[in-house]
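> Okay, here's the prediction I keep looking at, along with the sequence it came from:
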Amino acid sequence: MKPVICFYKKKLLIYSTEYELIDCPETTGSVDFLNIINKKYFNQMKILKINYDAFLKENNFPKEKLFNTSKISVFILKKYQIINENKLITFLNRKKIFNEDIKFHLHTSENDFKTNINSILDDIRQGRFYQINYTATLSAETSEKFDTLSYFAEMSKKIGCQYKSFLPLSNSDILCFSPELFLEKSNDVVKSQPIKGTLIRGHSIEDLANSTKEHSELSMIVDLLRNDLNRLQCSKYKDHTRVNFHRKIMDLKYTTHTYSEVEIKSSKILPDILNETFPGGSISGCPKIESLKKINEIEFHDRDYYTGSIGWWKQDHFKLNISIRSFLHNQKKLYYSTGCGVVFDSTPENEWNEFLTKSSFVNVIQNSNTNSLKIRDTLFCNKNGFTYLKQHILRTQNSLRHYKIEITFEELEKIYHQIEKTIVSKILPKAAYIIKIDFPIQNDLKNPHVEYDILKEQNQENIILELLHWGDSPMTSIKTNNRQYWNYLLSQKQSTADDILVYNSKHNVTETSIYSLFYLLNNQAYTPPLEDGCLNGVLRSYYLQQGYITINNTNYPLSERSLPISDLNHVELYVGNSVRGIKKAKVI
């Protein structure tokens with residue numbers, strides 16, 4: 001029997017293998033069902049899963065259901081333990097590293113996503129609502145041996161969250177890593193901590209803190225929640241809502257948010273509280289009713305459990321999250337959904353990037369039609385042919401293997417030699433060229449798309465770099481024609497910078513948009529390790545295999561070593577690639 005796991009208080013969790021699962025019948029109203037549960041199991045610990053639409057009065061736009069769970073599920077715990085994270089790993093006994101290659105595909109295209117954002121913005125301009133939460137779904141195929149508990153243990157290490165849970169439902173498992181508290185009631189104090197505002201790749205925490213867009217978005221939701229919670233006023237207290245704090249920073253492992261806290265005193269019980277406040281304001285919009293209508297109009301799939309709520313309930317005390325950052329596993333399919341908050345000064349491009357940022361801890365293949373995704377190789381060529389050819393072929397071979405495409409070195413070598421022969425016959429005798437070769441993930445590898453152009457000279461003494469945050473995207477290890485993240489970051493840099501130098505969530509710098517990074521320290525040369533999140537550049541690979549790098553006619557021993565941002569002022573920085581060679585660099 002799989003365990004039920006749910007957050008409790010601070011870093012403690014509820015753990016139980018002895019429970020009864022009760023699903024709400026479709027013919028029974030949500031309030032009536034919870035009242036029955038409350039009366040019959042008042043003194044017992046209960047774990048709840050409440051779907052997004054459990055308390056909605058109508059739905060005029062029925063959606064396709066990618067999965068289907070009961071609108072409310074309740075685990076009645078017969079016995080349970082309160083444990084910490086270390087004890088949880090012991091209980092799960094998952095010591096092996098999870099190594100199944102899970103690749104998520106979007107159930108919507110970038111174009112459709114941005115079209116819907118524009119539709120929302122049109123309605124905002126016309127005054128229909130002020131803010132709305134728009135979501136989309138991803139899914140991945142899993143093997144028959146896929147173990148949801150092992151995946152839960154593995155993702156727990158990656159995702160920073162306070163409100164995690166594992167729910168073994170009757171036909172599926174939910175793995176929730178939510179950072180957001182929806183409602184908590186203790187000693188008749190009801191509080192909520194809405195999250196709004198996400199740190200987008202390429203920006204600093206200061207940018208988030210000073211963003212007028214993110215400030216207005218969270219402020220709208222705080223006002224909405226104050227309105228919702230004021231409905232909980234009762235004759236015993238006659239209290240009004242208070243904002244205990246506004247726009248604190250929540251720094252997670254993979255991104256950063258801002259959040260606030262709103263509270264009120266009320267003697268009302270859970271069924272009545274949910275009837276007045278569900279679904280949460282941070283995942284619906286403002287005003288709520290009109291926002292809910294718009295969500296029904298434009299979202300492609302039924303949300304089901306996603307953006308509903310999960311948590312514990314005992315007597316008059318409870319704590320419920322917003323079920324975001326959550327996975328559902330059903331019939332060898334793993335689903336994940338996420339979204340973005342849209343206000344008047346939102347842009348489709350920024351909301352798309354927020355959507356991708358919130359998905360950055362899973363391996364997202366951005367276009368489910370892999371015909372558009374290609375392995376890209378960029379080479380230097382003159383009348384003598386290609387340089388570093390062996391390293392280029394090996395990297396392309398390894399990249400194709402990432403997508404389960406096997407081709408021998410000799411077969412690839414023939415393709416490169418044929419391209420080389422064709423280009424050399426066309427180019428000017430004394431000119432240098434940059435060559436781009438795109439190998440399709442599907443279709444005929446023997447006929448890749450090839451472009452070439454004269455290589456422009458760079459006369460400046462230093463390559464000027466601007467430091468920007470990238471994160472931990474798994475796509476950095478493969479060079480493809482998908483340059484969306486890089487293009488977005490490049491659009492944010494200062495005009496005085498030639499390129500951007502990115503750093504990961506551990507604040508280690510990794511690479512630039514076109515160069516591998518090298519640095520000198522104590523007469524020794526280093527390059528960041530691939531584990532920090534960088535591409536295995538051809539020049540990088542060549543010098544590492546050689547064991548040394550030549551800079552200004554001097555050979556320096558070369559090895560891998562992380563470079564923290566704090567050490568940038570203490571090293572001599574260089575960048576390099578197989579097209580332009582080694583260049584001195586300076587960070588502004």
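It's in.

> what residue of the protein is the furthest out?
residue 429 (48.2 Å; CA atoms, centre = their mean).

> That residue against residue 384, yeah?
No: between residue 429 and residue 384 there is no contact under CB atoms under 8 Å: 10.7 Å. All C-beta atoms are positioned from the backbone trio N, CA, C, and that covers glycine.

> Just say helix, strand or coil for residue 174.
strand (DSSP: H, G, I helix; E, B strand; the rest coil).

> how does this protein divide into domains?
4-365, 372-454, 463-587 (automatic domain parsing).

> can you give me how far the shortest one is from the chain middle?
Pointing back at domain 372-454 there. 32 Å (CA atoms, centre = their mean, to the nearest Å).

> same thing with the last one?
What separates the centre of domain 463-587 from the centre of its chain is 23 Å, taken as CA atoms, centre = their mean.

> quick one: average pLDDT of that domain?
For domain 463-587, mean pLDDT rounds to 88.

> Give me the three-state assignment for the residue farthest from the centre of the chain.
Relying on three-state DSSP, one would call residue 429 coil.

> which one is it nearest to, not counting chain neighbours?
residue 383 (5.6 Å; CB to CB, 6 or more residues apart in numbering).

> The one you found: neighbour count?
The local packing of residue 383 (other CB atoms under 10 Å) involves 13 other residues.

> From what I see, it and residue 426 are in contact.
No: at 10.7 Å, residue 383 does not count as touching residue 426 under the criterion of CB under 8 Å.

> now the helices: where do they sit in the protein?
Assigned by DSSP state H, the helices in the chain fall at 30-40, 85-92, 110-125, 148-158, 205-210, 212-230, 270-277, 288-298, 348-358, 389-402, 409-424, 484-492, 538-546.

> Skipping adjacent residues, who's closest to the residue most central in space within the chain in space?
Ranked by distance to the mean C-alpha position of the chain (CA atoms, centre = their mean), the top residue is residue 359 at 1.9 Å. Counting by CB to CB, 6+ apart, residue 359 lies nearest to residue 338, which is 5.5 Å off, once chain neighbours are set aside.

> Contact partners for the one you found?
135-136, 138, 324-325, 355, 358-359 (CB atoms under 8 Å, 6 or more residues apart in numbering).

> go on, residue 557?
Counting by CB under 8 Å, 6+ apart, residue 557 has contacts 524-525, 547-548.

> what's the answer for residue 437, then?
Residues near residue 437 by CB under 8 Å, 6+ apart: 376-379, 416, 419, 448-450.

> Out of those residues, which comes closest to residue 33?
residue 376 (54.6 Å; CB to CB).

> all strands for the stretch 1-150 of the chain, in order.
Remark: strands assigned in the stretch 1-150 of the chain by DSSP state E, counting those that start in this stretch are 4-7, 13-23, 46-50, 72-83, 104-106, 131-141.

> hang on, the earlier thing: if any of the contacts of residue 338 are buried, give me the ChimeraX selection for them.
Only the buried entries of the contacts of residue 338 go into this ChimeraX selection, using 16 or more other CB atoms under 10 Å:
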select :135,136,138,324,325,355,358,359
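
> biggest separation within the contacts of residue 338, which pair?
136 and 325 (14.3 Å).

> picking that back up, quickly, which of the helices of the chain bottoms out on average pLDDT?
The weakest mean pLDDT among the helices of the chain belongs to helix 484-492, with a mean of 70.

> Which residue ranges of the stretch 401-550 of the chain form strands?
Ranges of strands within the stretch 401-550 of the chain are 433-440, 449-454, 463-469, 499-503, 508-512, 516-521, 524-527, 548-551, based on DSSP E, counting those that start in this stretch.

> what inclination does the fourth one have with respect to strand 516-521?
Angle between the axes of strand 499-503 and strand 516-521 is 70 degrees (criterion: axes from the mean of the first three to the mean of the last three CA atoms, to 10 degrees).

> Now strand 499-503: buried residues?
Under 16+ other CB under 10 Å, the buried positions of strand 499-503 are 499-503.

> CSV for these, including distance to residue 92?
Shown next, in CSV, are these (distance: CB to CB, whole Å):
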residue, distance to residue 92
499, 44
500, 40
501, 39
502, 35
503, 33
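
> Tell me the one of those nearest residue 143?
residue 502 (33.2 Å).

> Which residues are in contact with the closest one?
467-470, 489, 509-512.

> roughly how far apart are it and residue 298?
To residue 298, residue 502 is 33 Å away according to CB to CB, to the nearest Å.

> Please list the residues outside stretch 262-273 that contact it.
30-31, 34-35, 38, 183, 185, 188-194, 222, 225-226, 229-230, 232-234, 236-237, 239-244, 276, 313, 316, 318.

> Show the buried residues in those residues.
30, 34, 38, 183, 185, 188, 190-194, 222, 225-226, 229, 232-233, 239, 241, 313, 318.

> What pLDDT does the model give residue 60?
pLDDT recorded at residue 60 is 51.

> now swap in residue 407 and tell me
pLDDT, residue 407: 88.

> Could you tell me how many residues sit around it?
By other CB under 10 Å, 16 other residues sit near residue 407.

> got the contact list for residue 335?
Residue 335 neighbours (CB under 8 Å, 6+ apart): 66-67, 137-139, 327-329.

> hmm, 7 Å instead?
Contact partners of residue 335, counting by CB atoms under 7 Å, 6 or more residues apart in numbering, are 66-67, 137, 139, 327-328.

> And for residue 176?
Here residue 176 is in contact with 164-165, 310, 323, 326 (CB under 7 Å, 6+ apart).

> Let's see if you can find the most crowded of the residues you listed.
Neighbour max across these (other CB under 10 Å) = residue 323, 32 neighbours.

> Got the phi and psi for that residue?
With angles defined as degrees, to the nearest 10, residue 323 sits at phi -80, psi 70.

> Turn the strands of the stretch 401-550 of the chain into CSV, columns for distance to residue 123.
Formatted as CSV, the strands of the stretch 401-550 of the chain follow (distance: least, CB to CB, whole Å):
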stretch, distance to residue 123
strand 433-440, 39
strand 449-454, 40
strand 463-469, 32
strand 499-503, 35
strand 508-512, 40
strand 516-521, 45
strand 524-527, 50
strand 548-551, 56
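
> Among those strands, which comes closest to residue 143?
Among the strands of the stretch 401-550 of the chain, strand 433-440 comes nearest to residue 143, with 25.9 Å by CB to CB.

> Okay, now the sheet partners of that closest one, with direction.
Using DSSP bridges, strand 433-440 pairs in its sheet with strand 374-382 (antiparallel), strand 449-454 (antiparallel).

> List the buried residues of that strand.
433-435, 437, 439-440.

> circling back to that earlier point, which two in the buried residues of strand 499-503 are spaced the farthest apart?
Across those (CB to CB), the longest gap, 13.9 Å, separates 499 and 503.

> which of the contacts of residue 437 are buried?
Counted by 16+ other CB under 10 Å, these give 376-379, 416, 419, 448 as buried.

> Columns distance to residue 72 on top of these, output as TSV?
Listed next are these as TSV, based on distance: CB to CB, whole Å:
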residue	distance to residue 72
376	49
377	53
378	54
379	59
416	60
419	61
448	53
